[in-house]
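Asks: Have a look; sequence and predicted model below, questions after that.
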Amino acid sequence: MLTTNETARNDIAGLMADMGARARAAARPLGFVRAEQKHVALMAMADALERNADAILQANAVDMANGEEHGLAASFMDRLKLTPERIAAIATSIRDIAALKDPVGDVIAAWKRPNGLEIERVRTPLGVIGVIFESRPNVTADAGALCLKAGNAVILRAGSDSMNSSAAIHACLVEGLRVASLPENAIQLVPVTDRAAVGEMLKGLGGNIDVIIPRGGRSLVERVQREARVPVFAHLEGICHLYIDKSADLDMAVSIAVNAKMRRTGICGAAETLLVDRAVAETHLVPALTALREAGCTIRAEADVRAVFPDAEPASDADWVTEYLDAIISAKLVDGVGGAIDHIEAHSSHHTEAIVAQDAGAVERFFNEIDSAILLHNASTQFADGGEFGMGAEIGIATGKMHARGPVGVEQLTSFKYRVRGSGQTRP
């Protein structure tokens, strides 16, 4: 006789298997649907989001109240919170995705062989994508819209903290699918918060999920990478560095440092470590740290930094590998661009790094020798975002090296196939 827990697990397994089968059935027609039809769906989704903004905000208020009751960290609460402006931005993002060139069928490369064979490499959808996320209801819209644009079906599993908000947003996405006469199962939201549903997705739902994309904290991403039986696009953390070179313009360096850390501290593109060339400790380090402190940031630093900036707290070894997601930054003096590169390669999560410099040689070395997904020159790390890259939006920033790296937008949600045209050739 089955126990109550075993019955519940079986029920969830059955629920998820059914969702997988329905997603696979929806994915096939999406692979060759007309671009115009997808455009209609996406524009209708954006309209529905704006029209239902009050209902979405009411659902979000429930999630925010639950988050406060359960003591969610400030960074999680910031990600969870929706405002009229954020809902408008989500709708704008969907319209931006709609305006992008349809990637499906795009000819990536073409060539002709000496025997007359004409070969093309052409973009195709990945198929069915599973997206598992926490505290980010906007991911519901971004992931749904991006997957649809790339011709994929998607199964979304929101965290319990954002379930009400995500469900309200998901209803708007389904409305858009319905307006365009596209299969409603193209974008599904897992209706339960039981973690067993995640386990079923990681098993691949009987071969029906082609790739998993986790977006959340370390524990979630580590679980996905450890247990997944399908490919994963993921990053563990955004331990992002900002290096101020001795050739940096002072005003620019200070402005970028404050923006990179303090614009939004809870996003993965926020700078967590400030590295400053030892040669400009007096001229550049102190003004940058002073501006950060005045903006409300706590500074943790080694003894040589505290010698010139006594307000800093002592840094531990753990600080160099911590994603604070808060108004805290670690600071260190390094011996030029070489010292910055050595520190970054030893401690980075290979997400995003930035250099402020006027010396072209220092910039070239920084770009050539650091192996992170995103590198910036004279710009804030907060630009590590698919929307800022002109991708309309992103599902996340992938830091692996296989298939997708950096912002995961519509092109990264495709694979490719070869089309070969002949005129009767046979192989000798």
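Replies: Good, I have the coordinates.

Asks: who's in contact with the nearest residue to Thr399 once chain neighbours are set aside?
Replies: Distances taken as C-beta to C-beta, 6 or more residues apart in numbering place His235 nearest to Thr399, at 3.8 Å, with adjacent residues excluded. All C-beta spots, glycine's among them, are computed from the backbone N, C-alpha and C. With contact taken as C-beta atoms under 8 Å, 6 or more residues apart in numbering, His235 is in contact with Val221, Cys268, Ser349, His350, His351, Ala373, Gly396, Ile397, Ala398, Thr399, Gly400.

Asks: Now which of those would you call buried?
Replies: Listed as buried from the contacts of His235 are Val221, Cys268, Ser349, His350, His351, Ala373, Gly396, Ile397, Ala398, Thr399; burial here means 16 or more other C-beta atoms under 10 Å.

Asks: which one of those is nearest Gln37?
Replies: When those are compared for distance to Gln37, the smallest value, 26.7 Å, is given by Gly396; criterion: C-beta to C-beta.

Asks: Which strand residues bridge the closest residue to that closest one other than its chain neighbours?
Replies: By the measure of C-beta to C-beta, 6+ apart, the closest residue to Gly396 outside its immediate chain neighbours is Arg215, 4.6 Å from it. For Arg215, the beta-bridge partners under DSSP bridges are Phe133.

Asks: unless I'm mixing things up, Arg215 is touching Glu394, no?
Replies: No: using C-beta atoms under 8 Å, Arg215 is not in contact with Glu394, being 9.7 Å away.

Asks: So, low pLDDT: which residues of the stretch 201-350 of the chain?
Replies: 236 (pLDDT under 70).

Asks: Can you show me the helices along the protein?
Replies: Residue ranges of the helices in the chain, as given by DSSP state H, are 4-30, 35-51, 53-69, 74-80, 84-99, 137-149, 163-179, 196-203, 218-227, 250-262, 286-294, 303-308, 336-347, 360-369.

Asks: Tabulate the CA atom coordinates of the second one in PDB.
Replies: Extracted in PDB, the C-alpha atoms of helix 35-51 (Å, rounded to 0.1, in the frame of the first residue of the first chain):
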ATOM      1  CA  ALA A  35       7.100  34.600 -38.000                       C
ATOM      2  CA  GLU A  36       4.000  36.900 -38.400                       C
ATOM      3  CA  GLN A  37       2.000  34.600 -36.200                       C
ATOM      4  CA  LYS A  38       4.500  34.600 -33.400                       C
ATOM      5  CA  HIS A  39       4.700  38.400 -33.700                       C
ATOM      6  CA  VAL A  40       0.900  38.600 -33.200                       C
ATOM      7  CA  ALA A  41       1.100  36.400 -30.100                       C
ATOM      8  CA  LEU A  42       4.000  38.400 -28.600                       C
ATOM      9  CA  MET A  43       2.300  41.800 -29.100                       C
ATOM     10  CA  ALA A  44      -1.000  40.400 -27.700                       C
ATOM     11  CA  MET A  45       1.000  39.200 -24.600                       C
ATOM     12  CA  ALA A  46       2.400  42.700 -24.100                       C
ATOM     13  CA  ASP A  47      -1.000  44.300 -24.400                       C
ATOM     14  CA  ALA A  48      -2.500  41.700 -21.900                       C
ATOM     15  CA  LEU A  49       0.300  42.500 -19.400                       C
ATOM     16  CA  GLU A  50      -0.500  46.200 -19.500                       C
ATOM     17  CA  ARG A  51      -4.300  45.600 -19.400                       C
END
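
Asks: For it, which residues meet the burial criterion?
Replies: For helix 35-51, the buried set under the neighbour-count rule, 16+ other C-beta under 10 Å, comprises Lys38, His39, Val40, Ala41, Leu42, Met43, Ala44, Met45, Ala46, Asp47, Ala48, Leu49.

Asks: Tell me, domain by domain, which residues of this structure belong where.
Replies: 4-233+408-420, 240-383 (automatic domain parsing).

Asks: I'd like these laid out as JSON lines, including distance to Thr426.
Replies: Formatted as JSON lines, those follow (distance: least, C-beta to C-beta, whole Å):
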{"stretch": "domain 4-233+408-420", "distance to Thr426": "10"}
{"stretch": "domain 240-383", "distance to Thr426": "45"}
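
Asks: in the sheet, who's paired with Thr352?
Replies: In beta-bridge terms (that is, DSSP bridges), Thr352 pairs with Ile374.
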